[in-house]
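Novice: what follows is a protein structure lacking sequence information:
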Ligand SMILES: C[S@@+](CC[C@H](N)C(=O)[O-])C[C@H]1O[C@@H](n2cnc3c(N)ncnc32)[C@H](O)[C@@H]1O
């Protein structure tokens, strides 16, 4: 039985469409723009409701399709948000959300495209699953830690061999992290009391643009199998030769080390995770031009730089880091972001320091989900 009947309009951040009921805003998942739906309320705050569309009553969006995943739907796995839309429509929705977020938060009027990577299934090289009280693995429902049993996941790279993990029984409450690379598969089960059980390879190896990157099996690496090469290509094409480069939130050095060419005299990588910083040092393969600083970026004190690349986590960089980057005097900044709202906030902060974006492009690194990756180049305005 439905709680609401509403007509939804534009897509919102987080994978829902916006409607109204009795004057209240409703963020409705499983709907598409223009549809009249019957919906069930799933959450409430003083300002808005959250709901799941359970039936399209009228005006089905022409891009609606049957979900290719049987575990996607109201009350089921929350890992994806837009599987009920054709892939081209998913990208249009992400473009709309990105453009609207940049306008609303930073006053930037652009219509960035979101580029597909050409792989809608089997793209994810790392995943976390959760063991329910019976020891069966599953995935979380939307905005909850309720575990839904699944039989497979179309995001998962075949090499993760999810069906094999799903057949087994695990300690109830365990988190099971599985990842693959050219080195093989790694599985780490972390129990509720912190005990770890590890099988498979001990570290990962990836080759991007002819350069080898080692990384820990549970450390950060771009999860879409085509993402590292795609993003490195984008960053490379956006920058001119630079003598001094800083890569902030560097991870194991993907962007910085990929920019090492004969023009570079000095490169600084800053990464807060100690193990990732150690891998970045190793990945630099003794190149004397590279210095890896294992520190919180907020403690980084800039020396001069021609180019700064930053790729922060979802929280973005924030005022202190933006001021420090501006203090480096960099003529060009490339900002790689996985969260449009904090990107927009930070672009507003960069504008206060005279940096304006001259290139904004999205990439669909997370097909089926509501997430979008954005690459922005900023130039220092001449004063
Ligand atoms: C989105 S990842 C990007 C890593 C790398 N650019 C890549 O593409 O592989 C963000 C990285 O920032 C690091 N990080 C998060 N917060 C940080 C902080 N405050 N200071 C330094 N590093 C941080 C994380 O450990 C992670 O490696």
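Specialist: The structure has been received and is ready for your questions. Keep in mind it's a predicted model, so treat the numbers as computed, not measured.

Novice: can you give me the buried ones in the helix or strand containing residue 128?
Specialist: Assigned by DSSP states H and E, residue 128 belongs to strand 126-131. Within strand 126-131, the residues that count as buried by 16 or more other CB atoms under 10 Å are 126-127, 129-131. To be clear about C-beta, it is placed using only N, CA and C from the backbone, and glycine gets the same treatment.

Novice: isn't there a strand covering residue 79?
Specialist: No. Counting by DSSP: H, G, I helix; E, B strand; the rest coil, one finds residue 79 to be coil, located in no strand.

Novice: hmm, who's touching the one helix or strand residue 349 maps to?
Specialist: Assessed by DSSP H and E, residue 349 sits inside helix 340-352. With contact meaning CB atoms under 8 Å, 6 or more residues apart in numbering, helix 340-352 is reached by 13, 97-98, 101-102, 104-108, 312, 314-319, 322-323, 325-326, 333, 335, 337, 356-357, 372, 374, 376, 378.

Novice: those residues in helices, which ones?
Specialist: 97-98, 101-102, 104-106, 319, 322-323, 325-326 (DSSP state H).

Novice: and these as TSV, adding distance to residue 57, pLDDT and neighbour count?
Specialist: TSV is the format used below for these (distance: CB to CB, whole Å; pLDDT from 0 to 100; neighbours: other CB atoms under 10 Å):
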residue	distance to residue 57	pLDDT	neighbour count
97	25	98	22
98	30	98	25
101	29	98	22
102	33	98	25
104	30	97	12
105	34	98	17
106	37	97	21
319	47	98	12
322	47	98	24
323	52	98	15
325	50	98	27
326	52	98	19
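
Novice: so which of these is the closest to residue 66?
Specialist: Of all the ones in helices among the contacts of helix 340-352, residue 66 sits closest to residue 97, with 23.6 Å by CB to CB.

Novice: my read is that that closest one contacts residue 15, right?
Specialist: No. With contact defined as CB atoms under 8 Å, residue 97 does not reach residue 15; the gap is 9.1 Å.

Novice: touching both of these two, which residues are there?
Specialist: With CB under 8 Å, 6+ apart as the test, residue 97 and residue 15 both reach residue 370.

Novice: domain-wise, how is this protein divided?
Specialist: Using automatic domain parsing, the domains assigned to the chain come out as 4-62, 96-118+206-380, 126-202.

Novice: does residue 207 count as helix, strand or coil?
Specialist: strand.

Novice: quick one: the strands in the stretch 51-200 of the chain?
Specialist: For the stretch 51-200 of the chain, applying DSSP state E, counting those that start in this stretch gives strands covering 114-115, 126-131, 137-140, 147-149, 175-181, 184-190, 196-200.

Novice: looking at those, which is buried most?
Specialist: Mean neighbour count (mean count of other CB atoms under 10 Å) peaks for strand 175-181 among the strands of the stretch 51-200 of the chain, with a mean of 22.

Novice: just checking, what packs against that one?
Specialist: Applying 3 or more CB pairs under 8 Å, 6 or more residues apart in numbering; DSSP states H and E, we find strand 175-181 packed against strand 126-131, helix 162-167, strand 184-190, strand 203-208.

Novice: partner strands of the last one, with direction?
Specialist: By that I understand strand 203-208. Within its sheet, strand 203-208 is paired with strand 211-216 (antiparallel), according to DSSP bridges.

Novice: same question for the longest one.
Specialist: Looking at strand 184-190 with DSSP bridges, its paired strands and their directions are strand 175-181 (antiparallel), strand 196-200 (antiparallel).

Novice: how close does the spatially closest residue to residue 150 that is not a sequence neighbour get to residue 258?
Specialist: Of all residues not flanking residue 150 in the chain, residue 71 sits nearest, at 4.4 Å (CB to CB, 6 or more residues apart in numbering). According to CB to CB, to the nearest Å, residue 71 and residue 258 sit 36 Å apart.

Novice: which of those two has more neighbours?
Specialist: Taking neighbours as other CB atoms under 10 Å, residue 71 and residue 258 compare with residue 258 leading, 22 against 19.

Novice: would you mind confirming that the more buried one is in contact with residue 211?
Specialist: Yes. Counting by CB under 8 Å, residue 258 touches residue 211, with 6.3 Å between them.

Novice: name the nearest residue to the residue sitting nearest the centre point of the chain, ignoring sequence neighbours.
Specialist: Per CA atoms, centre = their mean, the C-alpha nearest to the average position across the chain is that of residue 338, at 4.1 Å. Spatial nearest neighbour of residue 338, excluding adjacent residues (CB to CB, 6+ apart): residue 373 at 5.5 Å.
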